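Chemist: Test case, fold it:
(one chain, ligands or ions: 2)
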Amino acid sequence: MVVRNLLLKDFLRSFLNYSIKQCTRNIRLSLANASSDIDDKFKLPSRYAGSEQSIWVEYLELFLKYKPLNLGHGFPDYCSQKLVVAALAEVANSDNDLIHQYTRGFGHPRTVTAIAKLYSRLIDRQINPDTEVLVTIGGYEALFSIINGHIDFGDEVIIIEPYFDCYEPMVRYAGGISRFIPLRRANKDSSTDWVLDKKELECLFNSKTKIIIVNTPHNPFGKVYKKEELAHVADLCKKWNVLCIVDEVYEWIVYEPNEHIRMTTLPGMWERTITVGSIGKTFGVTGWKMGWAYGPANLMVNLQMVHQNCIYTGVAPIQEAAAIAFEKAMTNLNQKNCVFKSTSKELIVKRNYMAKILCDAGMEPLIPEGGYFMIADWTPLESQVDLSSEKDKFKDYRFTKWMIKNVGLGAIPPSAFFSQEHKYLGENFVRYCFFKKDENLQKAAEILKKWKTERNK
Ligand code: PMP
Ligand code: GLN
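Modeler: Numbers count the residues shown, from 1 in each chain. Ligands and ions are numbered 1, 2, ... in the order given. As a prediction, this is how the structure comes out:
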(Lines give C-alpha, C1' and ligand atoms only; values in the text may rest on other atoms or scores of the structure.)
(Ligands and ions follow the chains in the order given, each with its own letter.)
Protein backbone atom coordinates (compact mmCIF):
# COMPACT_ATOMS: atom_id res chain seq x y z
CA MET A 1 0.00 0.00 0.00
CA VAL A 2 2.78 2.33 1.09
CA VAL A 3 4.68 1.39 -2.06
CA ARG A 4 1.62 2.09 -4.23
CA ASN A 5 1.13 5.50 -2.63
CA LEU A 6 4.77 6.36 -3.20
CA LEU A 7 4.55 5.34 -6.83
CA LEU A 8 1.40 7.41 -7.28
CA LYS A 9 3.07 10.45 -5.65
CA ASP A 10 6.09 10.07 -7.92
CA PHE A 11 3.85 9.73 -10.91
CA LEU A 12 1.84 12.83 -9.96
CA ARG A 13 5.02 14.83 -9.25
CA SER A 14 6.61 13.97 -12.57
CA PHE A 15 3.29 14.52 -14.39
CA LEU A 16 3.01 17.95 -12.75
CA ASN A 17 6.62 18.79 -13.63
CA TYR A 18 6.05 17.66 -17.20
CA SER A 19 2.86 19.71 -17.49
CA ILE A 20 4.53 22.83 -16.08
CA LYS A 21 7.48 22.41 -18.47
CA GLN A 22 5.12 21.87 -21.42
CA CYS A 23 3.10 24.89 -20.44
CA THR A 24 6.19 27.09 -20.04
CA ARG A 25 7.49 25.83 -23.37
CA ASN A 26 4.19 26.59 -25.09
CA ILE A 27 4.08 30.05 -23.54
CA ARG A 28 7.71 30.63 -24.60
CA LEU A 29 6.97 29.37 -28.10
CA SER A 30 3.90 31.52 -28.51
CA LEU A 31 5.76 34.52 -27.10
CA ALA A 32 8.63 33.82 -29.48
CA ASN A 33 6.20 33.46 -32.38
CA ALA A 34 4.41 36.62 -31.36
CA SER A 35 7.66 38.57 -31.05
CA SER A 36 8.99 37.25 -34.36
CA ASP A 37 5.60 38.07 -35.95
CA ILE A 38 5.87 41.54 -34.49
CA ASP A 39 9.51 41.87 -35.51
CA ASP A 40 8.68 40.76 -39.07
CA LYS A 41 5.76 43.06 -39.54
CA PHE A 42 7.21 46.04 -37.68
CA LYS A 43 10.76 46.12 -38.91
CA LEU A 44 12.16 49.51 -39.88
CA PRO A 45 10.47 50.61 -43.14
CA SER A 46 12.86 50.10 -46.06
CA ARG A 47 13.18 53.80 -46.84
CA TYR A 48 14.90 54.27 -43.46
CA ALA A 49 17.25 51.30 -43.84
CA GLY A 50 20.86 52.45 -43.75
CA SER A 51 20.09 55.28 -41.33
CA GLU A 52 20.52 53.22 -38.17
CA GLN A 53 24.01 54.63 -37.54
CA SER A 54 24.06 58.29 -36.47
CA ILE A 55 27.34 59.96 -35.69
CA TRP A 56 25.60 62.23 -33.15
CA VAL A 57 23.86 59.42 -31.27
CA GLU A 58 26.97 57.23 -31.28
CA TYR A 59 29.45 59.92 -30.22
CA LEU A 60 27.13 61.53 -27.66
CA GLU A 61 26.91 58.15 -25.95
CA LEU A 62 30.71 57.89 -25.98
CA PHE A 63 31.05 61.42 -24.57
CA LEU A 64 28.59 60.56 -21.79
CA LYS A 65 30.33 57.30 -21.00
CA TYR A 66 34.00 58.40 -21.08
CA LYS A 67 33.48 62.09 -20.21
CA PRO A 68 36.33 63.50 -22.30
CA LEU A 69 36.77 67.24 -22.74
CA ASN A 70 34.16 67.60 -25.46
CA LEU A 71 35.47 69.49 -28.48
CA GLY A 72 33.41 67.21 -30.69
CA HIS A 73 29.80 68.29 -30.68
CA GLY A 74 29.14 71.66 -32.31
CA PHE A 75 27.81 74.00 -29.66
CA PRO A 76 29.22 76.75 -27.44
CA ASP A 77 29.73 75.69 -23.82
CA TYR A 78 28.75 79.16 -22.56
CA CYS A 79 26.23 81.84 -23.40
CA SER A 80 27.99 84.40 -25.54
CA GLN A 81 24.95 86.52 -26.52
CA LYS A 82 23.26 87.61 -23.32
CA LEU A 83 20.58 89.50 -25.26
CA VAL A 84 18.79 86.30 -26.25
CA VAL A 85 18.62 85.03 -22.70
CA ALA A 86 17.38 88.44 -21.53
CA ALA A 87 14.74 88.29 -24.27
CA LEU A 88 13.57 84.88 -23.08
CA ALA A 89 13.36 86.14 -19.49
CA GLU A 90 11.33 89.10 -20.74
CA VAL A 91 8.91 86.72 -22.47
CA ALA A 92 8.64 84.44 -19.43
CA ASN A 93 7.94 87.38 -17.11
CA SER A 94 5.52 89.22 -19.37
CA ASP A 95 1.76 89.40 -18.72
CA ASN A 96 1.01 88.07 -22.17
CA ASP A 97 -0.47 84.68 -21.21
CA LEU A 98 -1.30 83.87 -24.82
CA ILE A 99 2.38 83.66 -25.70
CA HIS A 100 2.34 80.23 -24.04
CA GLN A 101 -0.32 78.95 -26.44
CA TYR A 102 -0.22 77.81 -30.08
CA THR A 103 0.80 80.53 -32.44
CA ARG A 104 0.46 80.98 -36.21
CA GLY A 105 1.59 77.76 -37.92
CA PHE A 106 4.01 79.15 -40.50
CA GLY A 107 5.67 81.39 -37.94
CA HIS A 108 4.74 83.60 -35.01
CA PRO A 109 3.70 87.00 -36.51
CA ARG A 110 6.31 89.05 -34.62
CA THR A 111 9.04 86.57 -35.61
CA VAL A 112 8.29 86.33 -39.34
CA THR A 113 8.08 90.13 -39.38
CA ALA A 114 11.53 90.43 -37.77
CA ILE A 115 13.05 87.78 -40.07
CA ALA A 116 11.53 89.38 -43.19
CA LYS A 117 12.78 92.81 -42.10
CA LEU A 118 16.31 91.55 -41.41
CA TYR A 119 16.74 89.69 -44.70
CA SER A 120 14.97 92.38 -46.75
CA ARG A 121 17.81 94.63 -45.66
CA LEU A 122 20.51 92.02 -46.17
CA ILE A 123 19.47 90.95 -49.64
CA ASP A 124 18.06 94.29 -50.74
CA ARG A 125 14.66 92.91 -51.72
CA GLN A 126 11.29 93.28 -49.97
CA ILE A 127 10.44 89.92 -48.36
CA ASN A 128 6.80 89.19 -47.53
CA PRO A 129 6.68 87.88 -43.93
CA ASP A 130 3.44 85.96 -44.52
CA THR A 131 4.28 84.12 -47.71
CA GLU A 132 8.06 84.11 -48.05
CA VAL A 133 9.21 83.03 -44.57
CA LEU A 134 8.64 79.77 -42.69
CA VAL A 135 9.74 79.35 -39.08
CA THR A 136 10.82 75.79 -38.34
CA ILE A 137 12.13 73.53 -35.58
CA GLY A 138 15.79 74.27 -36.20
CA GLY A 139 17.67 74.29 -39.48
CA TYR A 140 16.92 70.54 -39.56
CA GLU A 141 13.20 71.00 -40.09
CA ALA A 142 13.76 73.74 -42.64
CA LEU A 143 15.91 71.30 -44.67
CA PHE A 144 13.37 68.52 -44.16
CA SER A 145 10.47 70.67 -45.32
CA ILE A 146 12.32 71.99 -48.38
CA ILE A 147 13.48 68.53 -49.46
CA ASN A 148 10.17 66.78 -48.80
CA GLY A 149 8.20 69.66 -50.28
CA HIS A 150 10.05 69.42 -53.58
CA ILE A 151 11.28 65.88 -54.19
CA ASP A 152 9.25 63.34 -56.13
CA PHE A 153 10.27 59.69 -56.69
CA GLY A 154 13.38 59.50 -58.84
CA ASP A 155 14.32 63.19 -58.61
CA GLU A 156 18.04 63.78 -58.27
CA VAL A 157 19.71 65.96 -55.67
CA ILE A 158 23.32 67.09 -55.94
CA ILE A 159 25.10 67.00 -52.58
CA ILE A 160 28.57 68.47 -52.13
CA GLU A 161 30.83 66.41 -49.87
CA PRO A 162 31.58 66.58 -47.05
CA TYR A 163 27.96 67.42 -46.18
CA PHE A 164 25.99 67.90 -43.00
CA ASP A 165 25.02 64.29 -42.47
CA CYS A 166 21.20 64.61 -42.53
CA TYR A 167 21.04 65.79 -46.17
CA GLU A 168 21.38 62.33 -47.72
CA PRO A 169 18.82 60.48 -45.53
CA MET A 170 16.31 63.31 -45.97
CA VAL A 171 16.60 62.98 -49.75
CA ARG A 172 16.22 59.19 -49.54
CA TYR A 173 13.13 59.34 -47.28
CA ALA A 174 11.51 61.65 -49.83
CA GLY A 175 12.17 59.14 -52.64
CA GLY A 176 15.00 61.13 -54.21
CA ILE A 177 18.43 60.01 -55.38
CA SER A 178 21.57 61.72 -54.07
CA ARG A 179 24.40 62.46 -56.49
CA PHE A 180 27.62 63.30 -54.70
CA ILE A 181 30.54 65.48 -55.62
CA PRO A 182 33.45 65.92 -53.22
CA LEU A 183 35.28 69.17 -52.58
CA ARG A 184 38.81 68.45 -53.69
CA ARG A 185 42.01 69.74 -52.17
CA ALA A 186 43.68 72.18 -54.53
CA ASN A 187 46.84 72.66 -52.51
CA LYS A 188 47.94 72.45 -48.88
CA ASP A 189 47.01 75.71 -47.19
CA SER A 190 43.82 76.97 -45.56
CA SER A 191 40.28 75.76 -46.16
CA THR A 192 40.32 77.75 -49.44
CA ASP A 193 42.06 74.59 -50.55
CA TRP A 194 38.75 72.83 -50.95
CA VAL A 195 37.24 73.43 -54.35
CA LEU A 196 34.67 71.96 -56.69
CA ASP A 197 35.93 70.63 -59.98
CA LYS A 198 33.91 72.65 -62.48
CA LYS A 199 33.71 69.92 -65.13
CA GLU A 200 32.81 67.27 -62.56
CA LEU A 201 29.97 69.47 -61.29
CA GLU A 202 28.69 70.20 -64.80
CA CYS A 203 28.56 66.46 -65.52
CA LEU A 204 26.25 65.84 -62.57
CA PHE A 205 23.48 68.14 -63.81
CA ASN A 206 20.86 66.54 -66.07
CA SER A 207 17.11 66.71 -66.74
CA LYS A 208 16.33 64.72 -63.55
CA THR A 209 18.25 67.12 -61.30
CA LYS A 210 15.79 68.91 -59.02
CA ILE A 211 17.94 70.35 -56.24
CA ILE A 212 21.52 71.18 -55.34
CA ILE A 213 22.44 71.78 -51.69
CA VAL A 214 25.18 74.30 -50.92
CA ASN A 215 26.41 74.88 -47.38
CA THR A 216 28.29 78.12 -46.81
CA PRO A 217 30.02 78.77 -44.41
CA HIS A 218 30.70 75.08 -44.46
CA ASN A 219 30.48 72.41 -41.76
CA PRO A 220 32.94 70.72 -41.29
CA PHE A 221 35.56 72.33 -43.59
CA GLY A 222 34.94 75.99 -42.70
CA LYS A 223 34.93 76.92 -46.36
CA VAL A 224 33.23 80.21 -47.28
CA TYR A 225 32.28 80.06 -50.95
CA LYS A 226 33.60 82.84 -53.15
CA LYS A 227 31.27 84.78 -55.43
CA GLU A 228 32.72 83.13 -58.58
CA GLU A 229 32.13 79.66 -57.11
CA LEU A 230 28.51 80.48 -56.28
CA ALA A 231 28.04 82.08 -59.69
CA HIS A 232 29.11 78.85 -61.39
CA VAL A 233 26.58 76.85 -59.37
CA ALA A 234 23.95 79.54 -60.09
CA ASP A 235 24.55 79.34 -63.85
CA LEU A 236 24.07 75.57 -63.78
CA CYS A 237 20.89 75.91 -61.70
CA LYS A 238 19.47 78.34 -64.25
CA LYS A 239 20.57 76.21 -67.20
CA TRP A 240 18.96 73.05 -65.81
CA ASN A 241 16.01 74.69 -63.97
CA VAL A 242 17.20 73.50 -60.58
CA LEU A 243 16.31 74.66 -57.05
CA CYS A 244 19.25 75.71 -54.90
CA ILE A 245 19.00 75.06 -51.16
CA VAL A 246 21.58 77.16 -49.37
CA ASP A 247 22.30 76.09 -45.83
CA GLU A 248 23.57 79.34 -44.33
CA VAL A 249 23.16 78.49 -40.65
CA TYR A 250 26.72 79.79 -39.99
CA GLU A 251 26.08 83.00 -42.00
CA TRP A 252 27.32 85.25 -39.17
CA ILE A 253 30.48 83.33 -38.40
CA VAL A 254 32.90 84.48 -41.05
CA TYR A 255 36.50 85.57 -40.50
CA GLU A 256 37.88 88.62 -42.29
CA PRO A 257 38.79 89.14 -45.05
CA ASN A 258 36.35 86.41 -46.09
CA GLU A 259 32.85 87.55 -46.86
CA HIS A 260 29.57 85.69 -46.75
CA ILE A 261 27.80 85.98 -50.11
CA ARG A 262 24.12 85.08 -50.17
CA MET A 263 23.30 82.91 -53.19
CA THR A 264 19.83 84.41 -53.40
CA THR A 265 21.34 87.84 -54.25
CA LEU A 266 22.99 86.56 -57.45
CA PRO A 267 21.24 87.54 -60.71
CA GLY A 268 18.20 85.35 -61.40
CA MET A 269 18.67 83.31 -58.21
CA TRP A 270 15.95 84.64 -55.88
CA GLU A 271 13.44 82.78 -58.06
CA ARG A 272 15.17 79.41 -57.46
CA THR A 273 16.81 79.68 -54.05
CA ILE A 274 15.57 78.79 -50.59
CA THR A 275 17.87 79.84 -47.76
CA VAL A 276 18.09 78.13 -44.36
CA GLY A 277 19.01 79.89 -41.11
CA SER A 278 19.15 78.92 -37.44
CA ILE A 279 18.83 80.84 -34.19
CA GLY A 280 21.16 78.23 -32.65
CA LYS A 281 24.07 79.46 -34.78
CA THR A 282 23.01 83.12 -35.07
CA PHE A 283 22.97 83.69 -31.30
CA GLY A 284 24.81 80.61 -29.98
CA VAL A 285 21.73 78.92 -28.49
CA THR A 286 21.59 75.55 -30.23
CA GLY A 287 19.11 74.19 -27.66
CA TRP A 288 16.46 76.66 -28.79
CA LYS A 289 16.02 74.64 -32.00
CA MET A 290 14.41 77.42 -33.97
CA GLY A 291 15.26 77.79 -37.62
CA TRP A 292 13.72 79.33 -40.72
CA ALA A 293 13.63 79.20 -44.47
CA TYR A 294 13.00 82.11 -46.81
CA GLY A 295 12.48 82.25 -50.53
CA PRO A 296 9.87 83.04 -53.22
CA ALA A 297 6.23 82.41 -52.27
CA ASN A 298 5.56 79.93 -55.12
CA LEU A 299 8.28 77.62 -53.72
CA MET A 300 7.65 78.32 -50.03
CA VAL A 301 4.09 77.04 -50.34
CA ASN A 302 5.47 73.51 -50.82
CA LEU A 303 7.38 73.71 -47.53
CA GLN A 304 4.27 74.96 -45.78
CA MET A 305 2.41 71.80 -46.89
CA VAL A 306 5.03 69.57 -45.26
CA HIS A 307 5.27 71.72 -42.13
CA GLN A 308 1.54 72.12 -41.50
CA ASN A 309 0.90 68.39 -41.31
CA CYS A 310 3.87 67.28 -39.27
CA ILE A 311 4.88 70.21 -37.04
CA TYR A 312 1.96 72.58 -37.56
CA THR A 313 3.47 75.27 -35.33
CA GLY A 314 6.79 76.08 -33.65
CA VAL A 315 7.50 76.96 -30.02
CA ALA A 316 5.74 80.29 -29.35
CA PRO A 317 7.81 81.71 -26.41
CA ILE A 318 11.08 80.87 -28.18
CA GLN A 319 9.85 82.55 -31.35
CA GLU A 320 8.79 85.65 -29.41
CA ALA A 321 12.19 85.81 -27.67
CA ALA A 322 13.99 85.36 -31.00
CA ALA A 323 11.93 88.22 -32.45
CA ILE A 324 12.90 90.52 -29.56
CA ALA A 325 16.58 89.58 -30.03
CA PHE A 326 16.39 90.20 -33.79
CA GLU A 327 14.70 93.57 -33.29
CA LYS A 328 17.46 94.64 -30.88
CA ALA A 329 20.31 93.25 -32.98
CA MET A 330 18.97 94.90 -36.13
CA THR A 331 19.27 98.42 -34.74
CA ASN A 332 22.99 98.55 -35.52
CA LEU A 333 23.12 96.20 -38.49
CA ASN A 334 25.53 98.24 -40.57
CA GLN A 335 27.76 99.37 -37.74
CA LYS A 336 31.11 98.01 -36.64
CA ASN A 337 29.73 96.86 -33.29
CA CYS A 338 26.83 94.98 -34.92
CA VAL A 339 25.61 92.25 -32.55
CA PHE A 340 25.35 89.69 -35.35
CA LYS A 341 29.02 90.10 -36.19
CA SER A 342 30.30 90.05 -32.61
CA THR A 343 30.52 86.23 -32.46
CA SER A 344 33.07 86.14 -35.30
CA LYS A 345 35.24 88.66 -33.44
CA GLU A 346 35.05 86.56 -30.30
CA LEU A 347 35.78 83.36 -32.19
CA ILE A 348 38.76 84.42 -34.28
CA VAL A 349 40.93 84.46 -31.16
CA LYS A 350 39.75 80.97 -30.25
CA ARG A 351 40.28 79.78 -33.84
CA ASN A 352 43.89 80.93 -33.81
CA TYR A 353 44.50 79.41 -30.39
CA MET A 354 43.02 76.10 -31.52
CA ALA A 355 45.26 76.06 -34.61
CA LYS A 356 48.30 76.69 -32.43
CA ILE A 357 47.59 73.91 -29.94
CA LEU A 358 46.89 71.41 -32.71
CA CYS A 359 50.16 72.36 -34.43
CA ASP A 360 52.00 72.01 -31.12
CA ALA A 361 50.49 68.56 -30.73
CA GLY A 362 51.90 67.51 -34.10
CA MET A 363 48.72 67.73 -36.21
CA GLU A 364 48.21 69.87 -39.31
CA PRO A 365 45.17 72.09 -38.82
CA LEU A 366 43.37 73.77 -41.72
CA ILE A 367 42.40 77.32 -40.88
CA PRO A 368 38.64 77.76 -41.40
CA GLU A 369 37.31 80.85 -43.17
CA GLY A 370 34.01 80.57 -41.34
CA GLY A 371 32.01 78.47 -38.86
CA TYR A 372 33.36 77.13 -35.58
CA PHE A 373 34.94 73.86 -36.60
CA MET A 374 38.56 73.13 -37.34
CA ILE A 375 39.69 70.20 -39.40
CA ALA A 376 43.18 68.86 -38.71
CA ASP A 377 45.22 66.20 -40.45
CA TRP A 378 46.16 63.83 -37.65
CA THR A 379 48.17 61.36 -39.74
CA PRO A 380 51.61 62.86 -38.88
CA LEU A 381 50.93 61.12 -35.52
CA GLU A 382 49.77 57.85 -37.03
CA SER A 383 53.00 55.95 -36.41
CA GLN A 384 52.93 56.98 -32.73
CA VAL A 385 49.50 55.60 -31.83
CA ASP A 386 48.39 52.00 -31.62
CA LEU A 387 44.75 51.99 -32.66
CA SER A 388 44.44 48.19 -32.75
CA SER A 389 42.00 48.23 -29.81
CA GLU A 390 39.45 50.01 -32.04
CA LYS A 391 37.61 48.00 -34.66
CA ASP A 392 35.88 50.60 -36.83
CA LYS A 393 36.32 50.42 -40.60
CA PHE A 394 37.50 54.00 -41.04
CA LYS A 395 40.63 55.14 -39.31
CA ASP A 396 39.34 58.59 -38.25
CA TYR A 397 36.66 56.73 -36.24
CA ARG A 398 39.39 54.56 -34.71
CA PHE A 399 41.55 57.59 -33.94
CA THR A 400 38.74 59.70 -32.38
CA LYS A 401 37.45 56.78 -30.30
CA TRP A 402 40.95 55.95 -29.12
CA MET A 403 41.49 59.63 -28.17
CA ILE A 404 38.21 59.78 -26.25
CA LYS A 405 39.08 56.65 -24.26
CA ASN A 406 42.82 57.09 -23.78
CA VAL A 407 43.63 60.80 -23.99
CA GLY A 408 40.37 62.35 -22.79
CA LEU A 409 39.73 64.67 -25.75
CA GLY A 410 36.49 64.43 -27.75
CA ALA A 411 36.33 65.07 -31.52
CA ILE A 412 34.22 64.01 -34.50
CA PRO A 413 35.46 61.81 -37.38
CA PRO A 414 34.93 63.71 -40.67
CA SER A 415 34.31 60.57 -42.73
CA ALA A 416 30.79 60.70 -41.19
CA PHE A 417 30.15 63.62 -43.57
CA PHE A 418 30.95 61.66 -46.75
CA SER A 419 28.95 59.16 -48.82
CA GLN A 420 30.03 55.50 -48.54
CA GLU A 421 32.17 55.62 -51.67
CA HIS A 422 34.06 58.74 -50.59
CA LYS A 423 34.48 58.13 -46.86
CA TYR A 424 38.17 57.44 -47.36
CA LEU A 425 38.57 61.15 -48.24
CA GLY A 426 37.80 62.09 -44.62
CA GLU A 427 39.91 59.46 -42.89
CA ASN A 428 43.07 61.52 -42.39
CA PHE A 429 41.19 64.27 -40.59
CA VAL A 430 39.61 65.01 -37.25
CA ARG A 431 37.04 67.75 -36.48
CA TYR A 432 37.27 69.97 -33.41
CA CYS A 433 34.76 72.63 -32.29
CA PHE A 434 36.48 75.70 -30.87
CA PHE A 435 33.38 77.61 -29.67
CA LYS A 436 34.29 76.73 -26.07
CA LYS A 437 35.26 78.69 -22.94
CA ASP A 438 38.89 79.87 -22.99
CA GLU A 439 39.57 77.77 -19.90
CA ASN A 440 38.36 74.67 -21.73
CA LEU A 441 40.53 75.39 -24.74
CA GLN A 442 43.44 75.77 -22.31
CA LYS A 443 42.51 72.41 -20.79
CA ALA A 444 42.61 70.94 -24.30
CA ALA A 445 46.11 72.39 -24.72
CA GLU A 446 47.21 70.76 -21.45
CA ILE A 447 45.70 67.40 -22.44
CA LEU A 448 47.48 67.48 -25.80
CA LYS A 449 50.76 68.58 -24.20
CA LYS A 450 50.63 65.77 -21.63
CA TRP A 451 49.86 63.26 -24.39
CA LYS A 452 52.83 64.48 -26.41
CA THR A 453 55.16 64.10 -23.40
CA GLU A 454 53.89 60.56 -22.84
CA ARG A 455 54.39 59.69 -26.51
CA ASN A 456 57.95 60.93 -26.44
CA LYS A 457 58.93 59.08 -23.27
N1 PMP B 1 23.05 72.75 -41.13
C2 PMP B 1 24.30 72.65 -40.68
C3 PMP B 1 25.44 72.81 -41.64
C4 PMP B 1 24.56 72.38 -39.33
O5 PMP B 1 25.81 72.28 -38.89
C6 PMP B 1 23.46 72.20 -38.47
C7 PMP B 1 23.73 71.82 -37.04
N8 PMP B 1 23.35 72.69 -36.18
C9 PMP B 1 22.16 72.35 -38.99
C10 PMP B 1 22.00 72.61 -40.33
C11 PMP B 1 20.94 72.18 -38.13
O12 PMP B 1 20.67 73.33 -37.38
P13 PMP B 1 19.71 73.31 -36.12
O14 PMP B 1 20.50 72.95 -34.94
O15 PMP B 1 19.18 74.72 -36.06
O16 PMP B 1 18.62 72.33 -36.41
N1 GLN C 1 25.70 70.99 -36.15
C2 GLN C 1 26.28 70.44 -34.95
C3 GLN C 1 27.57 69.71 -35.29
O4 GLN C 1 27.91 69.59 -36.46
C5 GLN C 1 25.30 69.57 -34.20
C6 GLN C 1 24.74 68.42 -34.94
C7 GLN C 1 23.70 67.65 -34.19
O8 GLN C 1 23.51 67.83 -32.99
N9 GLN C 1 23.03 66.78 -34.84
O10 GLN C 1 28.24 69.30 -34.39
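Chemist: Which residues of the stretch 151-300 of the chain lie near ligand 1?
Modeler: Contact residues (Cβ under 6 Å from any ligand atom) of the stretch 151-300 of the chain with ligand 1: 164, 215, 219, 247, 249, 278, 280, 286, 289, 291. No exception for glycine: its C-beta is placed from N, CA and C like everyone else's.
Chemist: you'd agree the fourth one is up against G138?
Modeler: No: using Cβ atoms under 8 Å, D247 makes no contact with G138, being 11.7 Å away.
Chemist: which of the residues of the stretch 151-300 of the chain next to ligand 1 come close to ligand 2?
Modeler: N219.
Chemist: Doesn't V246 belong to a strand?
Modeler: Yes: under DSSP: H, G, I helix; E, B strand; the rest coil, V246 falls within a strand.
Chemist: Go ahead and confirm it touches I211.
Modeler: No: applying Cβ under 8 Å, one finds V246 not in contact with I211, separated by 11.0 Å.
Chemist: which residue packs closest to H218, ignoring adjacent ones?
Modeler: Excluding its sequence neighbours, the residue lying closest to H218 (Cβ to Cβ, 6 or more residues apart in numbering) is G371, at 6.5 Å.
Chemist: so how far is ligand 1 from that neighbour?
Modeler: 8 Å (Cβ to the nearest ligand atom, to the nearest Å).
Chemist: How about the contacts made by that residue?
Modeler: The contact partners of G371, by Cβ atoms under 8 Å, 6 or more residues apart in numbering, come to 217-220, 222, 250, 253.
Chemist: which one of those sits closest to K356?
Modeler: When those are compared for distance to K356 (Cβ to Cβ), G222 wins out at 16.2 Å.
Chemist: Work out for me the element the residue nearest to that closest one when sequence neighbours are not counted sits within.
Modeler: Spatial nearest neighbour of G222, chain neighbours left out: P368 (2.2 Å); criterion: Cβ to Cβ, 6+ apart. In the assignment (DSSP states H and E), P368 maps to no helix and no strand.
Chemist: neighbours around P368, how many?
Modeler: P368 has 30 neighbours, counted by other Cβ atoms under 10 Å.
Chemist: Show me the beta-bridge partners of whichever residue of the stretch 251-400 of the chain sits closest to ligand 1.
Modeler: In the stretch 251-400 of the chain, the residue that lies nearest ligand 1 is S278 (3.3 Å; Cβ to the nearest ligand atom). For S278, the beta-bridge partners under DSSP bridges are G291.
Chemist: Report the separation between it and K450.
Modeler: Applying Cβ to Cβ, to the nearest Å, the value for S278 to K450 is 36 Å.
Chemist: Mind pulling up the pLDDT for Q335?
Modeler: Note for Q335: predicted pLDDT of 88.
Chemist: Name the SS class of it, please.
Modeler: At Q335 the chain is in coil, as set by three-state DSSP.
Chemist: how close does it get to S342?
Modeler: Where S342 is concerned, Q335 sits at a distance of 11 Å (Cβ to Cβ).
Chemist: More neighbours: the two, which one.
Modeler: Just comparing Q335 and S342: by other Cβ under 10 Å the higher neighbour count belongs to S342, 14 against 9.
Chemist: what's the neighbour count on the closest residue to that one other than its chain neighbours?
Modeler: Nearest residue to S342, sequence neighbours excluded (Cβ to Cβ, 6+ apart): Q81, at 7.6 Å. Residues lying near Q81 (other Cβ under 10 Å) number 20.
Chemist: Let me see the contact set for Q81.
Modeler: Q81 sits in contact with 283-285, 325, 339, 342-343, where contact means Cβ under 8 Å, 6+ apart.
Chemist: cutoff 10 Å now
Modeler: The contact partners of Q81, taken as Cβ atoms under 10 Å, 6 or more residues apart in numbering, are 87, 282-285, 325, 329, 339-340, 342-343, 346.
Chemist: Which members of the residues you listed are classed as buried?
Modeler: Neighbour-count burial (16 or more other Cβ atoms under 10 Å) applied to these gives 87, 282-285, 325, 329, 339-340, 343.
Chemist: Is L60 in a helix, a strand, or coil?
Modeler: On the basis of three-state DSSP, L60 is classed as helix.
Chemist: thinking again about what came up before, for the contacts of G371, give me TSV that also has pLDDT, secondary structure and neighbour count.
Modeler: Shown next, in TSV, are the contacts of G371 (pLDDT from 0 to 100; DSSP: H, G, I helix; E, B strand; the rest coil; neighbours: other Cβ atoms under 10 Å):
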residue	pLDDT	secondary structure	neighbour count
P217	98	coil	29
H218	98	coil	26
N219	98	coil	25
P220	98	coil	28
G222	97	coil	28
Y250	98	coil	28
I253	98	coil	28
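Chemist: What is the nearest of those residues to T379?
Modeler: P220 (16.8 Å).
Chemist: From what I see, that closest one and D396 are in contact.
Modeler: No: P220 is not in contact with D396 according to Cβ atoms under 10 Å; the separation is 11.2 Å.
Chemist: Tell me where the stretch 351-457 of the chain has strands.
Modeler: Taking DSSP state E, counting those that start in this stretch, the strands of the stretch 351-457 of the chain run over residues 364-366, 373-377, 409-410, 429-433.
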